[in-house]
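> Sequence and predicted model, in that order:
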Amino acid sequence: MHIQENLKHIKSTLPNHVILVAVSKTKPVSDLMEAYNAGQRIFGENKIQEMVEKYEAMPKDIEWHMIGHVQSNKVKYMASFVSLIHGVDNFKLLAEINKQAKKHDRIINCLLQIKIASEDSKFGMRVSEASEILKSEAFSTLKNIQVMGVMGMATFTENKNQIKKEFTLLKTVFDDLKSIKTFNFKPETISMGMSGDYILAIDCGSNMIRVGSSIFGERL
Ligand SMILES: *Cc1c(COP(=O)(O)O)cnc(C)c1O
């Protein structure tokens, strides 16, 4: 296992403004601790139950990011500690996150997942939906959430030109949404780029990358 070396290598290639989320889904706590001991403090998981178990087992100065698809009825299990939810793709979910955050007297940061891939298997909302939500009266009543930006996943393809087109689209969407002014929208974050495409993503304007297998090795 070369987790510490992998991390060090990746970090050495990142510009300062880019935040690295270490995607640790399916990996044991011992692997995460290796990354932790190398200084990593932000971890991304895609299943709430697994994230809760790791949260309970690990040091409390870790920021836990939920990067997977979230079901409304499970928000309550992570509401006390999650620091960023990347995959929010509908208003109902935002409202539920707000409700659960309020119970814990905190504000939960979220990203709106935008559909940028041409394949239909990916989750995410259309740009028009995102802007309608942010501009809506209903959104302005959600005092316990803060939308920090957008998240996207490119099509699973070897075609770099297509990936580049999709990443560039997300950057454009982010820049357009920025003009919407409302207290609970603080556009700072563009979460895009994974092990295979994070360098391209950064070139296209990403400032948060979600990297798993390049740090922890392939998942089974
Ligand atoms: C698994 C996952 C990643 C990381 O993928 P790698 O190719 O292992 O880097 C990033 N984002 C999301 C949403 C994921 O589910």
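Looks like it arrived, so ask away.
> so who does Asp61 touch?
Asp61 makes contact with Arg41, according to CB atoms under 8 Å, 6 or more residues apart in numbering. From N, CA and C alone the C-beta is placed, and that goes for glycine too.
> contacts for the helix or strand Lys11 falls within?
Assigning secondary structure by DSSP states H and E places Lys11 in helix 3-13. Applying CB under 8 Å, 6+ apart, the contact partners of helix 3-13 are 20, 22, 31, 34-35, 37-40, 199, 211, 214-217.
> can you do 6 Å?
Applying CB atoms under 6 Å, 6 or more residues apart in numbering, the contact partners of helix 3-13 are 34-35, 38, 40, 215.
> And stretch 38-55, by the same measure?
Under the contact criterion CB under 6 Å, 6+ apart, stretch 38-55 has outside partners 4, 7, 21-25, 29, 62-65, 67-68, 74, 77-78, 81, 210.
> Tell me which of those residues fall in helices.
With DSSP state H as the criterion, helices contain 4, 7, 29, 77-78 from among these.
> so Val21 bridges to which residues?
Beta-bridge pairing for Val21 (DSSP bridges): Arg210.
> for Glu45, that is, sorry about that
Beta-bridge partners of Glu45, counted by DSSP bridges, are Met66.
> And it, how far from Leu93?
17 Å (CB to CB, to the nearest Å).
> can you check Met153 too?
For Met153, the distance to Leu93 - CB to CB - is 17 Å.
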